[in-house]
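[1] Got a sequence here, can you build the structure:
(one chain, ligands or ions: 1)
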Amino acid sequence: MSFFSTRGRSGVTASQAILQGLAPDGGLFVPAMFPTLEGPELASLGSLSYPQRAALILRQYLEDFTPAEIEEDVRAAYSPERFDDPAVAPLRRLDEATWALELFHGPTLAFKDMALQLLPRLIRRSAVKNGETREVSILVATSGDTGKAALEGFRDVAGTSCTVFYPLDGVSDVQKLQMVTTGGNNTHVIAVKGNFDDAQTGVKELFASGDFREKMKAAGRVLSSANSINFGRLAPQIVYYFSAYADLVGQGAIRMGDPVNFCVPTGNFGNILAGYYARNMGLPIHRLICASNRNNVLTDFFHHGIYTTHRTFFKTISPSMDILVSSNLERLLYESADRDGELIATWMRQLKECGSFSVGDQRHDWMAGVFWADCADNKDTLAEIRARWLQDHYLMDPHTAVAGHVLREYRKAENDRTPTVIVSTASPYKFAADVLFALTGEKDSGTDAFAAGEKLEEMTQVPMPEQVRKLRDLPVRHRRETEKDAMAEAVLAELG
Ligand SMILES: *Cc1c(COP(=O)(O)O)cnc(C)c1O
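    Got it, this is the predicted structure:
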């Protein structure tokens, strides 16, 4: 299987696409075709473990990896030491037509682990396959979740290092503790005196700086990115859509071949795009429901067919979805445009130069047949957390609750009773203070993140994950801080 750029037709192998991340023309790598998994093959998933399901699906795309290599990597990535549920991505029934697919049982308690536990292994192999002998040095700017997930994924993976920049006063206490206590010989965490934009702009400048690249090269290092546009992050996410379907059949909730919907809390459009890829591979998905918070650029896009970044940025209680440019949408646009790379390049130029583009009525109608979109503000989100707890005795984190709310709106609007899976992207204990507030209605300003978690556990009897509990006692291992205009020097000093 070869991979094309969404803005051209440069054919590369899977390992080259993973190693490069972004195509040289600025486009995203997409598979030349969608392999299908239907009938008996789809049915066979039911009796397989999660790593086996992953191996079967990834094999279809990663053709220059041997089956044994893929099996070894998925077994390591989704091992019981790393995921605290034997099912890896367990499915919980909420009511007669609604399930939650829990993607937060990995080391950092958010769905990013599903991809970032595997990606570093794929990058490592891709480097070897392409004769890259230098250390692959990953640089990440994070507003919270991605940084820790990347650190845990790359930790002690031979031939790689991972350096994360976070805004000194821009992440939650738990998120900061998660990062600065990270172990491993190749993990680095640097606080930037500035906000998230400063950190992100700084990292982009490092990637663009010839001088910095030269210095890294002289030290035997080559730069790379673990960004969600990398196909190596997308592919592992396709797996859990198939896995959820197999489990619905296994639980007797549906029969093989019956349609289901997925409702996905969305930011960068990576998670839900993997659902769309699963649908293209033959998985019987009726509707993909795209749920946004107040930063509802995608809701407007699916309603009107016009993407526009002329808008205000809001900070919400679902921070991992606070985003104005959903990079992975480009891959859906590419399919909507019958894989016309020139048209995509034109739209992206318009977006850059004028801040918007329009896909036209025909393509808009086609997308609206597959995707349905709506949004939830903070008030809707808190009300949904409370309602799910009272009705279904299910504790949702704020991101998942955005999806829960939007699913109710979908059912009201479309009167569709197709069994629907809400993709549950974070543990409620990662956002304990807001979840507690949703349940009690009382803001307890005196409580720190741990105290809120303990109260939540006492109230709900939903066990607090070990990953949070043990944070309190882990030693701080990363203390470096930098001015925002001295990030290059900070990396070079840190990596030594
Ligand atoms: C990253 C993230 C999302 C958004 O996923 P996208 O792939 O960016 O759409 C939703 N919820 C949580 C908890 C996340 O960390």
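
[2] Quick test: name the residue nearest the centre of this structure.
    Centroid-nearest residue in the chain, with Cα atoms, centre = their mean: residue 112, separated by 4.4 Å.

[3] correct me, but that one touches residue 152?
    No - in this structure, residue 112 is not within contact of residue 152 by Cβ atoms under 8 Å, at 9.4 Å. (C-beta placed from N, C-alpha, C; glycine too.)

[4] Check whether stretch 93-102 comes close enough to the ligand to count as a contact.
    No - with Cβ under 6 Å from any ligand atom as the measure, stretch 93-102 is seen stopping short of the ligand, the closest distance being 11.6 Å.

[5] what's the helix or strand bottoming out on mean pLDDT in the chain packed up against?
    Lowest by mean pLDDT, DSSP states H and E among the helices and strands of the chain is helix 196-208, with a mean of 85. In this structure, helix 196-208 packs against strand 135-141, strand 160-167, strand 187-193, helix 487-495, with contacts taken as 3 or more Cβ pairs under 8 Å, 6 or more residues apart in numbering; DSSP states H and E.

[6] To the ligand, which of the ones you listed lies closest?
    Taking Cβ to the nearest ligand atom as the criterion, strand 135-141 is the member of the helices and strands packed on helix 196-208 that comes nearest to the ligand, at 13.1 Å.

[7] which other residues reach the closest one?
    In this structure, residues lying in contact with strand 135-141 by Cβ atoms under 8 Å, 6 or more residues apart in numbering are 19, 120, 123-124, 127, 146-147, 150, 154, 159-166, 196, 199-200, 202-203, 206-207, 216, 220-227, 491, 495.

[8] Could I have the buried ones of the residues you listed as PyMOL selection syntax?
    For selection in PyMOL, the members of those meeting the burial criterion (16 or more other Cβ atoms under 10 Å) are listed in this command:
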select buried, resi 19+120+123+124+127+146+147+150+154+159+160+161+162+163+164+165+166+196+199+200+202+203+206+216+221+223+224+225+226+227+491
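
[9] what's the helix or strand for residue 407?
    Residue 407 is part of helix 398-414 when elements are defined by DSSP states H and E.

[10] buried sites along that helix?
    Applying a neighbour-count criterion of 16+ other Cβ under 10 Å, one finds 398-411 buried in helix 398-414.

[11] filter those residues down to the ones near the ligand?
    Intersecting those with the surroundings of the ligand, defined as Cβ under 6 Å from any ligand atom, gives residue 399.

[12] Contact residues of the stretch 301-450 of the chain facing the ligand?
    When proximity is defined as Cβ under 6 Å from any ligand atom, the stretch 301-450 of the chain approaches the ligand at 320-321, 399, 425-426.

[13] Can you lay out these as TSV showing pLDDT and distance to residue 257?
    TSV is the format used below for those (pLDDT from 0 to 100; distance: Cβ to Cβ, whole Å):
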residue	pLDDT	distance to residue 257
320	89	34
321	91	33
399	97	31
425	97	28
426	95	32
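
[14] Those residues, buried ones only, as a PyMOL selection?
    A single PyMOL command suffices to select whichever of these are buried according to 16+ other Cβ under 10 Å:
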select buried, resi 320+321+399+425+426
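
[15] Identify the farthest-apart pair in the residues of the stretch 301-450 of the chain next to the ligand.
    Pairwise distances among these were taken by Cβ to Cβ; the largest, 10.4 Å, belongs to 321 and 426.

[16] Give me the common contacts of the two.
    Contact with both residue 321 and residue 426 is made by residues residue 399, according to Cβ under 8 Å, 6+ apart.

[17] give the contact list for the closest residue to the residue nearest to the centre of the chain other than its chain neighbours.
    With sequence-adjacent residues excluded and distances taken as Cβ to Cβ, 6 or more residues apart in numbering, residue 112 is closest to residue 149, at 3.7 Å. Shown in contact with residue 149 (Cβ under 8 Å, 6+ apart): 106-108, 110, 112-113, 116.

[18] and which of those residues is nearest residue 316?
    After measuring those against residue 316 - Cβ to Cβ - the closest member comes out as residue 110, at 15.8 Å.

[19] Out of the residues of the stretch 301-450 of the chain next to the ligand, which sit inside strands?
    Secondary structure defined by DSSP state E assigns none of those to strands.

[20] As CSV, the residues of the stretch 301-450 of the chain next to the ligand with distance to residue 49 would be great.
    Compiled in CSV, these are given as follows (distance: Cβ to Cβ, whole Å):
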residue, distance to residue 49
320, 28
321, 31
399, 27
425, 22
426, 24
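
[21] Which single one of the residues of the stretch 301-450 of the chain next to the ligand is nearest to residue 190?
    Within those, the smallest distance to residue 190 is 20.8 Å, found for residue 320 (Cβ to Cβ).

[22] where does the stretch 101-250 of the chain come near the ligand, residue by residue?
    110-112, 145, 228.

[23] Dump the residues you listed to CSV, plus pLDDT, secondary structure and distance to residue 255.
    Rendered in CSV, the data for these read as follows (pLDDT from 0 to 100; DSSP: H, G, I helix; E, B strand; the rest coil; distance: Cβ to Cβ, whole Å):
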residue, pLDDT, secondary structure, distance to residue 255
110, 93, strand, 33
111, 95, coil, 28
112, 95, helix, 33
145, 83, helix, 36
228, 84, coil, 34
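
[24] Out of those residues, flag the one nearest to residue 273.
    Distances from these to residue 273 were compared by Cβ to Cβ; the smallest belongs to residue 228, at 9.5 Å.

[25] Please name the bridge partners of residue 482.
    residue 192 (DSSP bridges).

[26] ok, it touching residue 193?
    Yes - judged on Cβ under 8 Å, residue 482 makes contact with residue 193 at a distance of 7.0 Å.

[27] These two: which has the busier surroundings?
    When residue 482 and residue 193 are compared for neighbours, residue 482 comes out ahead with 22 against 15, by other Cβ atoms under 10 Å.

[28] need the contact list for the more buried one.
    For residue 482, the contacting residues are 190-193, 489-490, taking Cβ under 8 Å, 6+ apart as the criterion.

[29] Roughly how far does it sit from residue 61?
    Here the distance between residue 482 and residue 61 works out to 38 Å (Cβ to Cβ, to the nearest Å).

[30] now swap in residue 337 and tell me
    If you go by Cβ to Cβ, the gap between residue 337 and residue 61 works out to 22 Å.

[31] For the stretch 151-300 of the chain, which segments count as helices?
    Ranges of helices in the stretch 151-300 of the chain, per DSSP state H, counting those that start in this stretch, are 173-180, 196-208, 210-218, 231-250, 270-280, 297-304.

[32] between those, which has the poorest average model confidence?
    With a mean of 85, helix 196-208 has the lowest mean pLDDT of those.

[33] Kindly export that one (C-alpha atoms) in CSV.
    Output in CSV follows, covering the C-alpha atoms of helix 196-208 (Å, rounded to 0.1, in the frame of the first residue of the first chain):
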residue,chain,number,x,y,z
PHE,A,196,0.4,27.7,25.0
ASP,A,197,0.6,29.8,21.8
ASP,A,198,4.1,30.8,22.8
ALA,A,199,5.2,27.2,23.3
GLN,A,200,3.5,26.1,20.0
THR,A,201,5.0,28.9,18.0
GLY,A,202,8.4,28.2,19.5
VAL,A,203,8.3,24.6,18.5
LYS,A,204,7.1,25.5,14.9
GLU,A,205,10.1,27.9,14.7
LEU,A,206,12.5,25.1,15.8
PHE,A,207,11.2,22.8,13.1
ALA,A,208,11.6,25.7,10.5
